[in-house]
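Novice: one predicted model, sequence on top.
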Amino acid sequence: MSIKFRKNLLVCSGKSCQDASNFDLVDFINTKLKDYNLEHEIQAVQSVCFNKCTIGPNMIVYPDNVEYSTITKDDIDDIIIEHLLNNRIVERLVYNDKNKFSGTNKKQYRIALRNCGFIDPEEIKDYIENDGYDALAKCLTEFTPEAATQEIIKSGLRGRGGGGFPTGIKWEITSKSISDQKYVVCNADEGDPGAFMDRSILEGDPHSIIEAMAICGYCIGANKGIVYIRAEYPLAIKRLKIALEQAKDYGLLGKNIFGTNFEFTIDIKYGAGAFVCGEETALIHSMEGLRGEPTLKPPYPSVSGYLEKPTNVNNVETFASIPAIINKGAAWYSSIGTEKSKGTKVFALAGKINNVGLIEVPMGTTLREVIYDIGGGIVDGKKFKAVQTGGPSGGCLTEKHLDFPIDFDSLTAAGSMMGSGGMIVMDEDDCMVAMAKFYLEFTVEESCGKCAPCRIGNKRLHEMLTKICDDNGTLEDLDLMRNLGVVIKDTSLCGLGQTSPNPILSTMVNFYDEYHAHVVDHKCPSGQCTSFLKYYIDKENCIGCLVCARNCPVNAIFGEKKKLHIINREICIKCGICMEKCKFDAIYLK
Amino acid sequence: MAQIKSVDDLKKIRASIQEKNQKAVANNDNMEIIKINVAMATCGIASGAKTVMNFLIEELPKRNIIANVKQTGCMGYCYAEPTLEITLPNENPMVFGYVDLKKADEIIEKFIKKGELVDGIIPINYELAK
Ligand SMILES: Cc1cc2nc3c(=O)[nH]c(=O)nc-3n(C[C@H](O)[C@H](O)[C@H](O)COP(=O)(O)O)c2cc1C
Ligand code: SF4
Ligand code: SF4
Ligand code: SF4
Ligand code: FES
């Protein structure tokens, strides 16, 4: 069976395009096609968002793959006569994006996700069919370990776990540490709220991690690999186990890989899901069976890590990029991205965004492209307010950062950080103080408690935020929070404490007016902090039945029978009883 | 199982995998087989991808359609789960979003049997490093 209609018009029915056209484009086109007697050879169907929402309404003519944008009713005749009947592209409706990369107008470029969604992760043959294990073969038979490491250095790949340390350099350092035993560790702890990049890679393409870990082992001189994965990822674990078995069966793990004397095996260790165990020294202690607490660096794991042996720790996404770099070359990889951040980055879009999902874009893509084109804009056409990158360690980017190219350095310069790739989008209804409080709650919960600034300081910060959100804050609290935040950053032992005040500090810079409104005007501008809401009685609905006044525990309601009642908000303790008791919907919160 | 002991072995295995796919073509009256990928990562399964996949595996033979239904990882369209990617013989892959059982039925009857596109197509929005 092949596609029946000579041509199909795929009309975007995404929210943003629908809002932009305000009539049923599909219906309209199909009616038009009938007028031209084309309904038996051409049809229009609805399609999901094209990721070009800023220039909608959009459509694609299939199979020609010509995309028309900003279409109006008047353009349909042109499209039918010119394109569908005479095969001439209606150039004026083709949107030419000047900032394209590699000649296409697709904003996403998949390197780490190249196999996710295409191969069966439980079938090694699928991976092999798609160039799987070519990179390992190439390294073992064509490259010396030094040459392979040089390739990674030249590619410019930086760690995707948050720190952004150059991967090849890390490998080189570990390779130079002299020891009888070294280890390759894959950090699959992924603890940021809202992040699911690493999970998706392991669930969709586990062999690429196995292959990359073996390559790393070859480069640094290690024959043992360990994947440290949180036990809450059962499907990822299951698929990784299957992949490991298959790789062993095929001789791609074990002794004499590809007939060389290189040997490599991989074990799995499970984490209990503590966020701090994603920090590499804590992770190593947890693997050793000790408490998952960080220790001071140096010594770095590359020198003394697991069981005090040189250990190379890399993130899942970092590893997933390696086989592609070896296969296609460092020059290819370093041609993508910005000057100091090469390649692509996977982000997990979440929050108030239409297209929640996993995306991969070249470094240097702007926030606007990510949010409005790929992300499909803000839910219900609301106003974009901010996006939190870097999770609980990061900060927020606001409207003024929309045209910022996203890379490691620009995010740091903007007071946030790349982090592992979670992006939580907030709209006008979100309160930034409450957002900061949410992240602090997380850090307080996840702090290991080893050092005082983080254990006690974050708790105080959280208390102050709670006070502010409950309408008890003062201007002094704001100063205190800022000072305390800086001290915590400077004096904490590990990355968790060193970054935990970031959500507060960055929202205080970008949204100081909101903090001010909470403590001075006693208002929550977005209306999210319910403590600021007050009870009112509606003039129209109140019949003066006395019920509310009788039930108010503090006698805050006054009124005579059959007359409008009034709440004295000075006395009211906001217990809500009156609203519950009123049978006439006369009491409301505002 | 044949172990891979050299680069040549790897190439041979890859060739034999590709040949097997060709064979499937030959056995099937020279009709290339229909390929259906179901996004079965945690997000997909949570929105019902497994039910849809089981439905396809059960229904397709009943309706005399020979297809290779396989699970894959996340296709990235978490907002439109469950998602399917269907490749009809000699055609480009088509991705469908929000596929519930009703949609799956419509896809079989209209798209797979008759080649008619149905509502809910997701245009491929990325380029692959292949
Ligand atoms: C509190 C904290 C949590 C972290 N969590 C993770 C994590 O979940 N996954 C990860 O890969 N790296 C995490 N890191 C970073 C690791 O310490 C380490 O830098 C990283 O695994 C190195 O790999 P890369 O160079 O490939 O990024 C975390 C760091 C800190 C301070
Ligand atoms: S900064 Fe926090 S998480 Fe890190 S060692 Fe100190 S108490 Fe533990
Ligand atoms: S219970 Fe309702 S209707 Fe009755 S007096 Fe109070 S506000 Fe008015
Ligand atoms: S909310 Fe409670 S305290 Fe306030 S007026 Fe109503 S019943 Fe009285
Ligand atoms: S809604 Fe049409 S392109 Fe996004």
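Specialist: Everything's here; your move. Because the structure is predicted, anything quoted here is derived from the model rather than measured. Ligands and ions are numbered 1, 2, ... in the order given.
Novice: give me the residue at the spatial middle of chain A.
Specialist: A:G422 (2.3 Å; Cα atoms, centre = their mean).
Novice: buried set for the host helix or strand of A:D479?
Specialist: If you go by DSSP states H and E, A:D479 is part of helix A:475-491. For helix A:475-491, burial by neighbour count (16 or more other Cβ atoms under 10 Å in any protein chain shown) applies to A:D477, A:L478, A:M481, A:R482, A:L484, A:G485, A:I488, A:K489. All C-beta spots, glycine's among them, are computed from the backbone N, C-alpha and C.
Novice: quick check: the last one touching A:T499?
Specialist: Yes. If you go by Cβ atoms under 8 Å, A:K489 and A:T499 touch, sitting 7.2 Å apart.
Novice: the longest helix along chain B - contacts with which helices or strands?
Specialist: Across chain B, the longest stretch assigned as helix under DSSP state H is helix B:7-27. Judged by 3 or more Cβ pairs under 8 Å, 6 or more residues apart in numbering or on different chains; DSSP states H and E, helix B:7-27 is in contact with helix A:124-129, helix A:134-142.
Novice: closest one to ligand 4 among these?
Specialist: Relative to ligand 4, the nearest member of the helices and strands packed on helix B:7-27 by Cβ to the nearest ligand atom is helix A:124-129, separated by 62.1 Å.
Novice: same for that closest one, what does it pack against?
Specialist: Counting by 3+ Cβ pairs under 8 Å, 6+ apart, the packing neighbours recorded for helix A:124-129 are helix A:206-220, helix A:234-249, helix B:7-27.
Novice: is the shortest one positioned near chain B?
Specialist: Yep, that's helix A:206-220 we're talking about. No. Contact of helix A:206-220 with chain B (Cβ under 8 Å from any Cβ of the partner chain) is absent, the minimum separation being 8.8 Å.
Novice: pretty sure A:S69 contacts A:V90?
Specialist: No. The criterion here is Cβ under 8 Å, and A:S69 misses it with A:V90 at 10.9 Å.
Novice: now stretch A:290-307: mean pLDDT?
Specialist: Across stretch A:290-307, the average pLDDT comes to 94.
Novice: contact partners of it?
Specialist: A:170, A:173-174, A:177, A:181, A:183, A:185, A:226, A:271-272, A:274, A:276-277, A:279-288, A:310-313, A:448, A:450, A:493-496 (Cβ atoms under 8 Å, 6 or more residues apart in numbering or on different chains).
Novice: could you give me the PyMOL syntax to select whichever of these are buried?
Specialist: A single PyMOL command selects the buried members of those (16+ other Cβ under 10 Å):
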select buried, chain A and resi 170+173+174+177+183+185+226+271+274+276+277+279+280+281+282+283+284+285+286+287+310+311+312+313+448+450+493+494+495+496
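Novice: so what's A:L493 closest to, chain neighbours aside?
Specialist: A:C451 (4.3 Å; Cβ to Cβ, 6 or more residues apart in numbering or on different chains).
Novice: whichever residue of the stretch 201-350 of chain A sits closest to chain B - nearest residue in space that isn't next to it in sequence?
Specialist: Evaluated by Cβ to the nearest Cβ, the stretch 201-350 of chain A has A:G204 as its residue closest to chain B, separated by 1.8 Å. Once flanking residues are discounted, A:G204 sits nearest to B:G73: 1.8 Å by Cβ to Cβ, 6+ apart.
Novice: what of A:I504?
Specialist: For A:I504, the spatially nearest residue (Cβ to Cβ, 6+ apart) is A:A436, at 4.7 Å.
Novice: measure B:L60 to ligand 3 for me?
Specialist: Plainly put, B:L60 is 61 Å away from ligand 3 if you go by Cβ to the nearest ligand atom, to the nearest Å.
Novice: same deal with A:I406?
Specialist: 52 Å.
Novice: B:S16 now?
Specialist: 80 Å.
Novice: just the strands in the stretch 401-550 of chain A please.
Specialist: For the stretch 401-550 of chain A, the strands defined by DSSP state E, counting those that start in this stretch occupy A:422-427, A:535-537.
Novice: sheet partners, orientation included, of the last one?
Specialist: Sheet partners assigned to strand A:535-537 using DSSP bridges are listed as strand A:587-589 (antiparallel).
Novice: ok, the partner strand near ligand 4 or not?
Specialist: No. Interface with ligand 4: strand A:587-589 contributes nothing (Cβ under 6 Å from any ligand atom), its closest point being 7.0 Å away.
Novice: right, is that strand up against ligand 3?
Specialist: Yes. Contact check for strand A:587-589 against ligand 3, using Cβ under 6 Å from any ligand atom: residues in range are A:I587.
Novice: just for the chain, where's the confidence low?
Specialist: Reading this off chain A. A:1-2, A:96-106 (pLDDT under 70).
Novice: that answer is for a different chain, and I need it for chain B
Specialist: B:1, B:22-32, B:130.
Novice: which residues of it fall in helices?
Specialist: B:7-27, B:42-46, B:49-62, B:101-106, B:113-114.
Novice: hmm, the shortest one in reach of chain A?
Specialist: Yes. Figure legend: helix B:113-114 in contact with chain A (Cβ under 8 Å from any Cβ); contacting residues B:K113, B:K114.
Novice: ok, now which ones touch A:D189?
Specialist: A:Y228, A:I229, A:R230, A:G271, A:F275, A:C277, A:G278, A:L283.
Novice: and the closest residue to it other than its chain neighbours, its phi and psi?
Specialist: Leaving aside its chain neighbours, A:D189 sits nearest to A:G278 (3.7 Å; criterion: Cβ to Cβ, 6+ apart). In terms of degrees, to the nearest 10, the main-chain angles of A:G278 are phi -80, psi -20.
Novice: A:C219 against A:A148, yeah?
Specialist: Yes. Applying Cβ under 8 Å, one finds A:C219 in contact with A:A148, separated by 5.1 Å.
Novice: now do the shared contacts for those two.
Specialist: With contacts defined as Cβ under 8 Å, 6+ apart, the residues shared by A:C219 and A:A148 are A:C139.
Novice: highest mean neighbour count out of the strands of the stretch 401-550 of chain A?
Specialist: Mean neighbours per residue, mean count of other Cβ atoms under 10 Å in any protein chain shown, is largest over the strands of the stretch 401-550 of chain A for strand A:422-427, with a mean of 23.
Novice: center of chain B, which residue is that?
Specialist: B:I36 (1.7 Å).
Novice: and the stretch 251-400 of chain A, which residues reach ligand 4?
Specialist: So the stretch 251-400 of chain A never meets ligand 4 (Cβ under 6 Å from any ligand atom).
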